[in-house]
Structures are given as structure tokens and as C-alpha cells.
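Asks: Got a sequence here, can you model it:
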Amino acid sequence: MKAFFVGLLLFFSFELCAKYNVTADFTLSNGLRVICIEKKGVPVVSCIVYYKCGSTNDALSKSGVAHYLEHMAFLNNHCAFSDFLESIGAEFNAFTSNRLVCFEEVVPIEHIETVLKNEAERMSTFDIDIEKFRSEKGAILEERSMRTDNDPFGQCQELETAYVFHEIPIIGWRNEIESITPEDLVNFRNKWFAPNNAIILLAGDIEVKKIKKLIEKYFGDIQKKEIQNLDLIVVKEKPQITKEIEFRSTKIGTSASVSYLYFVPPDIKQDFRKRLAFILAGHVLNEPQSLFRSCLEHNLNKADGIYFAYNSTMNAFSVLDVSISCSSIDNLEESERIFGYLIKKLLAKGISQKELDLAKRQSMLADAYAKEDIASITHILVHSFAAGYTLDQIQKMDDVIQSITLEECNSVLKEVLTASPIAILRMLPKEHDRD
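Replies: Modelled structure (predicted):
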């Protein structure tokens, strides 16, 4: 399950971002918010248009609509735009999660007006080409086959999302993707794509006065909409029953893995310092010399990898996801026994001041590198907003991180790890039968 959890580890990185030179943060009369980050030196700009909606907002029995709409909005009426971006060597992409739909471009600064003009068209108009609609449905179904139906790690992730969190896959269930109509896409877009449900993030060698004029020129006349506030249901109480799931596959060879899901109380996510303390503690546990990795991976050579991932944005409640991957079922069973002992040791002794200081230094270095790349800046910001941070909190993160104490980190670890996991998910070779 190693590959499955690598993506989740990004949440640790995205949530530890530093101060950025925000030169403008303004909102048009129609509700469109624009944040500009000046980064002089290279005449390039990164632009992300972030819509605050995603698979969570898919209608009942219409899973996959948000993702499908992202594909069609990227294509429809914008083939000429894509051709133009390719002709100037630009980077461009689109992506969907449970809480966001984003369109991004990284272009030479002299082309930012063309980008904003086309993004405004994408926000205000949407005509479906039926042939493209049918073709793209085939592409999406093929994407599902590749990433889920024919991938045991994808199947396992989908099983966990459905069984533990009772949530739909972002790409959608196959039968529901097949039933999606052009009207479904139009209905979703008409409901959620609006200036007052979007943020534009710009980073690079920009002039704020010029950007403001362009934003007002192309986006100012787009009408705002009544947006229904459909926040995720927050589970305040820890699920009482530990769910144990076994997934078996012939496609994983002799390898075996396990994932322990620990409930993270809402107060950790809602308390700014506690949340950052928990993230810092997670960094410590993921270090090669940490208690778990040094023992299971290096000293005893039982596990191929052990990873701690704080998942705070993908589900109705937050979890600490601990995954252990091994080359054989025997090594997995031994690793699970050792893991139980190591948890008790961690709760008794906690992480050390030396480990915490190293995590803080590494956080500062990661921040410095991130601030050098304009695309990284906009990505970090959009994921931080999706994680529920305010711009003010994002700006304060570096100072708060450096002020967090060892006692705070060990306290939140105990708060989470003292309880039993809410779910245990094992991936095993199909021919293996557990006693």
C-alpha cells in the first residue's frame, strides 16, 4: 500500500507553508476574491482559478459529475486556448478533489491577459459539444479502469473511502459515470461555478495595478449566484466500532500491507496551534531515524516502509493514517506485533526535543524552496485554503511552527494514539488465508 499513501503525505507538506509576499488581496463587487503574490526576477506568472466545490457536491446517484465537468470545462470552447498555451511553451492543467475544482496556467507575464480573458469565459459560458462529451466519457472510464478497476491500490483506497468514511470516489462509480448526461454537467456548473464561489491566485513578476484592471475588465460583469452552503458534516464523536477490512489481490505478488486509521478529534483541526503541533509530530515520525522506521525498516528489516499521514481534508472527519508495507505476509504479521509495542513506547516516552528541532529546521528549508517556485506557491495556497486555513493563518504559520513546544506535540500524539484505531485495512495476496 506504499504507493497509495505517498499522495496523502503531501498533506503534511502543504500544511507547513511559510510567509509569502502577498501584495494584494481584493474582492470584486460580484464576490470574486483575488490574491496576488509578487515574485520578481523571472518574467513568469502562475495563475490558478479555484472553485470551492468538488465531488462532495455531486448530486445523489451522480458521482463523478464534478470531475467530468472539470474535463469538459478544460476542453469545451477552449481548444484554441490550449493550442495557444502549447505554442508559447506554457504549463497548464486542471484537477478536482472532494472540495475543489482548479484550472491552472504558468505563462510568460506578457500573456497573462490572454489567460485571464479565457478563464473569465470559462467562468461565464459553457456550451457542450456532444461529440466531445461522448469522447471524454470514454476517456474518464478508461482513467477509472487504469487508476482503480485494474489497480489493487486504487481499489483498496476506494474500499476504504466507501466503507470507513461512507463517501463516493472523486472520479465516480463506473455505472454512475456511464449515466451522466450533459444536463447533469450544466446543472452542477450553474449551481457552483460563480465568481462568489471562486478565488484567483496569481504569483510571479506581476504589477498589481495592471492585474486589477484586467480582473475588473474580464470578470467584473460576471453575475454572482446564490451559493448553498453545504459544508462537510463534521463527526464530533469517535466511531465506536473498529472496522477491519481485508482486501486480497493476485496483482500484488507476495507483498502485504496494513493501514491503521486513528480518529483525530475535531478540536485538533480547529485549534491552529494544536493542528500544527500534530503535523510537526507527524514529520518526526516519518523521519528515517524515527522510532518506527529505524526499528521496522532498518534494525529488524521487517517492513519495506512505514508512513504516517494526517488526512484532514478528504473526509467528513480527520484521521491519522499509518501504513506498513512488507514483502511477505510473515513480515507483515511480525511488523504488526512490533508496531503495537512501539506505539506503547511512543506514548510512554514521546518524541524528543532533538527530533522536534530537526523537524522545525527541515520545515524552514522546505518553505525556502517552496517560495522559490511560483507554481509551488499557488499550489500550496490553494490546498491550504481547501484545508480550511485563512490567509492570515497561512502568513503566520512559520512563526507559529517555530514556537511550538515538545509538550504540545506529545500531547496531541497522546490524544490521538491512546485510542484504538477506528479501522484496520489489510491488503493481502489472494492465495493467503488468515487464521
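Asks: low-scoring stretches of the protein, by residue?
Replies: Residues of the chain that meet the criterion pLDDT under 70 lie in 1-20, 76-79, 229-234, 314, 432-435.
Asks: roughly how far apart are residue 92 and residue 354?
Replies: Using Cβ to Cβ, to the nearest Å, residue 92 is found at 44 Å from residue 354. Backbone N, C-alpha and C define where each C-beta goes, glycine included.
Asks: So between these two, which is more surrounded?
Replies: residue 92 (18 against 11; other Cβ atoms under 10 Å).
Asks: From what I see, that one and residue 82 are in contact.
Replies: Yes. With contact defined as Cβ atoms under 8 Å, residue 92 reaches residue 82; the gap is 7.1 Å.
Asks: Name the next helix or strand downstream of the lengthiest helix in the chain, please.
Replies: Counting residues, the longest helix in the chain under DSSP state H turns out to be helix 329-349. Note on helix 329-349: by DSSP states H and E, the next helix or strand toward the C-terminus is helix 353-370.
Asks: Buried residues in that next one, which are they?
Replies: 355-356, 359-360, 363, 366-367, 370 (16 or more other Cβ atoms under 10 Å).
Asks: which other helices and strands contact the longest helix of the chain?
Replies: strand 256-264, helix 291-293, strand 318-326, helix 406-417, strand 423-429 (3 or more Cβ pairs under 8 Å, 6 or more residues apart in numbering; DSSP states H and E).
Asks: Please state the offset of it from the chain centre?
Replies: 29 Å (Cα atoms, centre = their mean, to the nearest Å).
Asks: what does stretch 57-68 give?
Replies: The answer for stretch 57-68 is 18 Å, by Cα atoms, centre = their mean.
Asks: Quick check: buried residues in that stretch?
Replies: Those buried within stretch 57-68 under the rule 16+ other Cβ under 10 Å are 57-58, 62-68.
Asks: got it, and stretch 197-209?
Replies: Under 16+ other Cβ under 10 Å, the buried positions of stretch 197-209 are 197-206.
Asks: Closest one of the residues you listed to residue 45?
Replies: The closest of these to residue 45 turns out to be residue 204 (Cβ to Cβ; 3.4 Å).
Asks: Could you check what's spatially nearest to that closest one, not counting adjacent residues?
Replies: Leaving aside its chain neighbours, residue 204 sits nearest to residue 45 (3.4 Å; criterion: Cβ to Cβ, 6 or more residues apart in numbering).
Asks: Just name the closest of the buried residues of helix 353-370 to residue 107, please.
Replies: residue 370 (20.3 Å).
Asks: so the closest residue to that closest one other than its chain neighbours is in which element?
Replies: Of all residues not flanking residue 370 in the chain, residue 376 sits nearest, at 4.7 Å (Cβ to Cβ, 6+ apart). Assessed by DSSP H and E, residue 376 sits inside helix 374-386.
Asks: and that helix, what does it pack onto?
Replies: So helix 374-386, by 3+ Cβ pairs under 8 Å, 6+ apart, packs with helix 2-14, strand 33-38, strand 44-51, strand 101-108, strand 198-204, helix 353-370.
Asks: Same list, those, but as TSV with distance to residue 185 please.
Replies: Shown next, in TSV, are these (distance: least, Cβ to Cβ, whole Å):
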stretch	distance to residue 185
helix 2-14	26
strand 33-38	25
strand 44-51	14
strand 101-108	12
strand 198-204	17
helix 353-370	35
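Asks: Looking at those, spot the one closest to residue 345.
Replies: Nearest to residue 345, of the helices and strands packed on helix 374-386 and by Cβ to Cβ, is helix 353-370 at 13.9 Å.
Asks: Show me how far the closest one is from its chain's centre.
Replies: For helix 353-370, the distance to the chain centre is 21 Å (Cα atoms, centre = their mean).
Asks: and if you look at stretch 172-186?
Replies: 23 Å.
Asks: So for it, what gets flagged as buried?
Replies: 172-174, 176-177, 180, 184-185.
Asks: So which of the residues you listed sit within helices?
Replies: Going by DSSP H, the helices hold 174, 176-177, 184-185 from the buried residues of stretch 172-186.
Asks: Now tabulate the residues you listed in JSON lines and tack on distance to residue 394.
Replies: Listed next are these as JSON lines, based on distance: Cβ to Cβ, whole Å:
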{"residue": "174", "distance to residue 394": "38"}
{"residue": "176", "distance to residue 394": "36"}
{"residue": "177", "distance to residue 394": "35"}
{"residue": "184", "distance to residue 394": "35"}
{"residue": "185", "distance to residue 394": "32"}
